[in-house]
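Undergrad: Predicted coordinates and the sequence they were generated for:
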Amino acid sequence: MKRAVFALAWLIVSPASAAALSPDGIALEIKAHGAKAVVARLWKSGDWDRVMDKVDAGDRRWIALVPLLAPGADAGTAEELPIALAFALPHNPRAVLTVLAGKDGFRAEDVCSAPFIEDTVRDIPGYLRSAKAAVARVSDPALASARADCLAQLRTAAAP
């Protein structure tokens with residue numbers, strides 16, 4: 001019986017099952033193997049970009065993975081995490097502000113300052129307008145400080 005439970009648990013957290021790329025599966029894999037091993041596996045398999053695309057799109061479950069992945073990120077992958085959150089900001093400001101309000105090391109300066117690399121966003125003024133409007137609509141009192149910090153950064157980024 002114990003062997004069957006162990007086998008089932010391994011299937012749940014093994015890289016093969018994580019290939020389905022679900023946020024729950026990746027979170028379980030991080031819990032079982034650590035963030036560093038999971039980030040390395042995602043990078044090596046090419047799934048890192050798919051995960052970042054899901055974060056960029058603003059799905060709250062994928063955004064919630066960012067603080068779990070961060071401890072395992074190296075220089076390159078660590079740089080992508082706040083950028084992915086910045087892409088997500090206009091789509092799901094509440095989820096991004098929740099990450100910023102956490103104690104995981106993500107700061108408004110890193111996410112809300114339009115931290116994009118080169119020409120990844122063609123219309124930065126349009127992005128900033130959209131992001132400011134989205135963040136301004138968040139009214140959760142628990143996120144008030146993160147909201148204010150993010151809005152201040154977005155205003156600074158928009159200043160000529």
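TA: Arrived safely.
Undergrad: From now on I want contacts and neighbour counts done on CA atoms only, so please keep to that.
TA: Will do.
Undergrad: Residue 62 contacts residue 23, correct?
TA: Yes. Shown here, residue 62 and residue 23 form a contact pair, counting by CA atoms under 8 Å, at 5.7 Å.
Undergrad: Around residue 122, count how many other residues there are.
TA: Neighbour count of residue 122, defined by other CA atoms under 10 Å: 9.
Undergrad: Specify the local secondary structure of it.
TA: Following DSSP: H, G, I helix; E, B strand; the rest coil, the label given to residue 122 is coil.
Undergrad: List the contacts of it.
TA: By CA atoms under 8 Å, 6 or more residues apart in numbering, the contact set of residue 122 is empty.
Undergrad: Tell me the confidence at it?
TA: Looking at residue 122, its pLDDT is 84.
Undergrad: Please report the distance of it from residue 128.
TA: Distance of residue 122 to residue 128, computed by CA to CA, to the nearest Å: 12 Å.
Undergrad: ok, now residue 140?
TA: According to CA to CA, residue 140 stands 21 Å off from residue 128.
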